[in-house]
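**Q** Coordinates only, no sequence provided:
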């Protein structure tokens, strides 16, 4: 995908220092291994082992870095993430204006931490094993780009749209925070705990749809194979794919491969209003 180079006047980026050793293989490691297998053709156990070694090799805490130019230029994939953030900011700011809600739009912060562990301002601590995530309390997207560095070394410089899809999905959760959908779902989960996982799936599918909206509104920048790559990534991290086909609406949290691909495809039409029905819980 051909995105314009980032401008630090238009994005909010930081890099937090970590603390301690990131241990264990978590959900994020499994997701990255799945993407490595289905998108890059890598052995999933080898990928998981590599990710774990990255975490274990990053044990020293580092000071928080607020030099946005230096952060964004710290690696190829940091630059890529900053380019993606700028495009997402521009696309969603314009969309909010078109819908008449321009005053309610706020940019999220992108935290590109690289120490294996991060302490958020509102969601506690997490390790790299959690994978990329969004914290609504501080309106920040957290990504350890060393995942992507390692995948690039193993598979070559491919798969940029799959990485953009991951960033755009997390940005979708920021949109849910701004629109109040996130709070609505949390309230519904508290009132009906039996439906908590199913409601979480709706949140994730809408974020997938929003990721598609961003791509759909920037079709002029999409290159051949990008859409297929995004679909493969969405399918690779479906709950049924990650559990070997064991379907369980009680345990799923992100939706099946078919559901995630369908949500992404819906968003690609470029109309964010079509994503609203996904989380319409009456």
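**A** Okay, I see it. These numbers were taken from a predicted model, which means no experiment stands behind them.
**Q** Provide the count of other residues in contact range of the residue nearest to residue 119 when sequence neighbours are not counted.
**A** Nearest non-adjacent residue to residue 119, counting by Cβ to Cβ, 6 or more residues apart in numbering: residue 125, 4.7 Å away. Using the backbone N, CA and C atoms, a C-beta is placed for each residue, glycine as well. Residue 125 has 13 neighbouring residues, counting by other Cβ atoms under 10 Å.
**Q** Also residue 193?
**A** Residue 193: 9 surrounding residues under other Cβ under 10 Å.
**Q** returning to that earlier point: quick one, phi psi at the residue nearest to residue 119?
**A** Phi and psi for residue 125, reported as degrees, to the nearest 10, are phi -100, psi 150.
**Q** My guess is it contacts residue 118. True?
**A** Yes - between residue 125 and residue 118 there is a contact at 6.9 Å, judged by Cβ atoms under 8 Å.
**Q** Look through this structure and tell me its longest helix.
**A** When the chain is parsed with DSSP state H, its longest helix is helix 76-98.
**Q** so who does residue 174 touch?
**A** By Cβ atoms under 8 Å, 6 or more residues apart in numbering, the contact list for residue 174 reads 108, 134, 136, 139, 141.
**Q** Could you rerun that using 6 Å?
**A** Listed by Cβ atoms under 6 Å, 6 or more residues apart in numbering, the contact set of residue 174 reads 108, 134.
**Q** Please, which helix or strand holds it?
**A** Under the criterion of DSSP states H and E, residue 174 resides in helix 160-179.
**Q** ok, then the element right after that helix?
**A** Following helix 160-179 in sequence order, the next helix or strand is helix 181-191 (DSSP H and E).
**Q** what's the closest non-adjacent residue to residue 215?
**A** Among residues not flanking residue 215 along the chain, residue 268 sits closest, at 5.9 Å (Cβ to Cβ, 6+ apart).
**Q** Can you report how many residues lie near the one you found?
**A** Neighbourhood size, residue 268 [other Cβ under 10 Å]: 21.
**Q** so it touches residue 216, yeah?
**A** Yes - contact criterion Cβ atoms under 6 Å: residue 268 and residue 216 qualify, at 4.3 Å.
**Q** and for the two, which residues touch both?
**A** Residues touching both residue 268 and residue 216 (Cβ under 6 Å, 6+ apart): none.
**Q** contacting residues around residue 209?
**A** Neighbouring residues of residue 209 by Cβ under 6 Å, 6+ apart: 263, 266-267, 275, 278.
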